[in-house]
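1. sequence first, then the predicted structure, then my questions.
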Amino acid sequence: MSKKIRGKNYKKWAEKVPAGKVTLAEAIGIVRTFRTEKWDPSVNLTLWLGIDPKQADQALRGAVSLPHGVGSTKKVIAFCEGEDIARAKAAGAIEAGSDELIKKVSDGWLDFDVAISTPGLMKNVSRLGRVLGPQGKMPSPKAGTVVTDIPTAVKEYAAGKVEYRNDDGGNLHVVVGKASFEDAKLIENAESMIQHIRRSKPATAKGQYFKGVFLSTTMSPAVKVDVQ
């Protein structure tokens, strides 16, 4: 097996990574230096959780708005009817509608990041499962993308509302901001995400819940964080 080749920046940054765990504030201070003048990477929070991903009642999936956003916007579409169509577009949706929009997506149009829907249209939208499912864009109550308040949902997702879902290893990978953010804003965003996941602990999950917490930027080494 060939060894993974690391760039000179990665090697330089790796020298700054402490051997053990550090506080969240210390980790943020270190991670914010993992960037170059031409690049403002995202700051990623990885949570290794004490859950059994194979058990449906221990799966974690949802969405949360962080106090200071994540430094990026998303293209949002809304499956809705009547007055909600105009309201969705006024709130920032790039497309909104019912049957015509469903057909457009079914025909292969996927130039958007998030799809939300009213509960009443999900019977029709469900036909798009084979198209949107593999893309991770299928509206879902668990993900917070099947809602009655369309304008609010559009605004939140367009502003970068964070969606999360555990992987097969019981990990969550979420963006909590940009390296250019002030320390205080990144700390508050990360703390908000950590507390949200802490409150979302499945009742059937046993033993240590936070098995590992790490901060990194895109393409950088990770810093271990002490959240106990």
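-> Happy to help now that I have it. Residues are numbered from 1 along each chain as shown.

2. now do the contacts for Lys201.
-> For Lys201, the contact set (CB atoms under 8 Å, 6 or more residues apart in numbering) comprises Tyr209. (Each C-beta comes from the backbone N, C-alpha and C, glycine too.)

3. now swap in the one 4 residues further on and tell me
-> Listed by CB under 8 Å, 6+ apart, the contact set of Ala205 reads Leu49, Gly50, Ile51, Asp52, Gln58.

4. wait, the second one sits on Gly170?
-> The reference is to Gly50. Yes - distance between Gly50 and Gly170: 7.2 Å, which falls inside the contact criterion (CB atoms under 8 Å).

5. which of those two has more neighbours?
-> For Gly50 and Gly170, the more surrounded residue by other CB atoms under 10 Å is Gly170, and the numbers stand at 19 against 16.

6. isn't the more buried one up against Pro53?
-> Yes - shown here, Gly170 and Pro53 form a contact pair, counting by CB under 8 Å, at 5.1 Å.

7. what sits closest to Phe214 if chain neighbours are left out?
-> Ala222 (4.0 Å; CB to CB, 6 or more residues apart in numbering).

8. now the phi/psi pair for the one you found, please.
-> phi -100, psi 150 (degrees, to the nearest 10).

9. look up how far Tyr10 lies from it.
-> Using CB to CB, to the nearest Å, one gets 11 Å for the distance from Ala222 to Tyr10.

10. these two: which has the busier surroundings?
-> Neighbours per residue (other CB under 10 Å) separate Ala222 from Tyr10, with Ala222 holding more: 19 against 14.

11. can you list the low-confidence ranges for this structure?
-> 1-6 (pLDDT under 70).

12. domain ranges for it?
-> Under the assignment named as automatic domain parsing, the residue ranges that make up the domains of the chain are 19-69+162-224, 76-158.

13. quick one on the thing from earlier: make sure the residue nearest to Phe214 is actually in contact with Leu215.
-> Yes - shown here, Ala222 and Leu215 form a contact pair, counting by CB under 8 Å, at 6.6 Å.

14. may I ask you to confirm that His196 is in contact with Ala63?
-> No - using CB under 8 Å as the test, His196 is too far from Ala63 to be in contact (9.9 Å).

15. distance of the closest residue to Val31 other than its chain neighbours relative to Ala93?
-> Nearest in space to Val31, with sequence neighbours left out and distances taken as CB to CB, 6+ apart, is Leu215 at 4.9 Å. When CB to CB is the yardstick, Leu215 and Ala93 sit 33 Å from each other.
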